[in-house]
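Enquirer: Okay, structure incoming, though there's no sequence with it:
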């Protein structure tokens, strides 16, 4: 029975090792990408169900299967760690670029429902904080531009308080599959990415390839 406990993690399909590997890729992509990536709703739901199922199965092991229990618990903890870090990194990015996210419906579509609610709450708290700070320092704030003395949703785009992701940042990446050649806009250099290549490139040049799975960050 012990050999069958993680059977679902040894087979290709919607659960098991494929999902565990996909979570690792999503976690590393989110960790190294300078922008917030689309939330992996279906994957996260499957991982949470897998964790729940495996925790229940491990609890049924008897004392004669202690070694198997420890091995399975170690693997399960690794997956839970990656899931926690994935969600934590996303929340950190949301708080850092909250005003930027509020500017774009397309950016907000990258959020899960819980993250959208978090963004709205955080934005409201942040706006109230800025208002209170400048209300308490009205005389000292008089010479400062109006854009930094209040947060107006209608004029957010011109606000210096908006923090945008640095898409020009350099990232290490690994090519998962051969990609169509493309030209770098700044020097007309033609880039050919072949499966297995590991490169250091500006994120903005491989942004689409990361999101469609052709390239993963590392």
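Expert: Received it, and whenever you're ready, just let me know what you need. Note that the coordinates shown come from a computational prediction; the quantities given were computed from them, not determined experimentally.
Enquirer: gap between residue 202 and residue 50?
Expert: 36 Å (CB to CB, to the nearest Å). Every C-beta, even on glycine, is put in place using the N, C-alpha and C of the backbone.
Enquirer: Of the two, give the one with the bigger neighbour count.
Expert: residue 50 (21 against 16; other CB atoms under 10 Å).
Enquirer: Surely the more buried one and residue 19 touch.
Expert: Yes - judged on CB atoms under 8 Å, residue 50 makes contact with residue 19 at a distance of 6.4 Å.
Enquirer: Specify the local secondary structure of residue 174.
Expert: strand (DSSP: H, G, I helix; E, B strand; the rest coil).
Enquirer: the bottom helix or strand of this protein by mean pLDDT?
Expert: helix 138-141 (a mean of 56; mean pLDDT, DSSP states H and E).
Enquirer: Which residue lies nearest the spatial centre of the chain?
Expert: Ranked by distance to the mean C-alpha position of the chain (CA atoms, centre = their mean), the top residue is residue 30 at 3.5 Å.
Enquirer: what sits against that one?
Expert: Neighbouring residues of residue 30 by CB atoms under 8 Å, 6 or more residues apart in numbering: 36, 37, 86, 89, 90, 93.
Enquirer: can we see that at 7 Å?
Expert: Applying CB atoms under 7 Å, 6 or more residues apart in numbering, we find residue 30 in contact with 37, 86, 89, 90.
Enquirer: of those residues, closest to residue 182?
Expert: Ranked by distance to residue 182 (CB to CB), these are led by residue 37 at 20.1 Å.
Enquirer: So the closest one belongs to a helix, correct?
Expert: No - if the criterion is three-state DSSP, then residue 37 is coil and not within a helix.
Enquirer: Hmm, residue 29 and it touching each other?
Expert: Yes - judged on CB atoms under 7 Å, residue 37 makes contact with residue 29 at a distance of 6.0 Å.
Enquirer: Which SSE is immediately downstream of the top helix by length along the chain?
Expert: Criterion DSSP state H: the longest helix present in the chain is helix 66-96. With elements assigned by DSSP states H and E, the helix or strand that comes after helix 66-96 is helix 98-103.
Enquirer: Pass me the low-pLDDT residue ranges in the chain, would you?
Expert: 1-16, 134-150 (pLDDT under 70).
Enquirer: Tell me where it has helices.
Expert: With DSSP H as the criterion, the chain has helices spanning 17-32, 41-59, 66-96, 98-103, 105-108, 113-135, 138-141, 203-211.
Enquirer: which residues touch residue 40?
Expert: residue 26.
Enquirer: Can you pull the phi and psi angles for it?
Expert: phi -90, psi 70 (degrees, to the nearest 10).
Enquirer: With respect to burial, which of the helices of the chain scores highest?
Expert: Mean neighbour counts were taken over these using mean count of other CB atoms under 10 Å, and the top value, a mean of 20, falls to helix 98-103.
Enquirer: Would you reformat the contacts of residue 30 as JSON lines and include distance to residue 189?
Expert: Listed next are the contacts of residue 30 as JSON lines, based on distance: CB to CB, whole Å:
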{"residue": "37", "distance to residue 189": "26"}
{"residue": "86", "distance to residue 189": "34"}
{"residue": "89", "distance to residue 189": "32"}
{"residue": "90", "distance to residue 189": "33"}
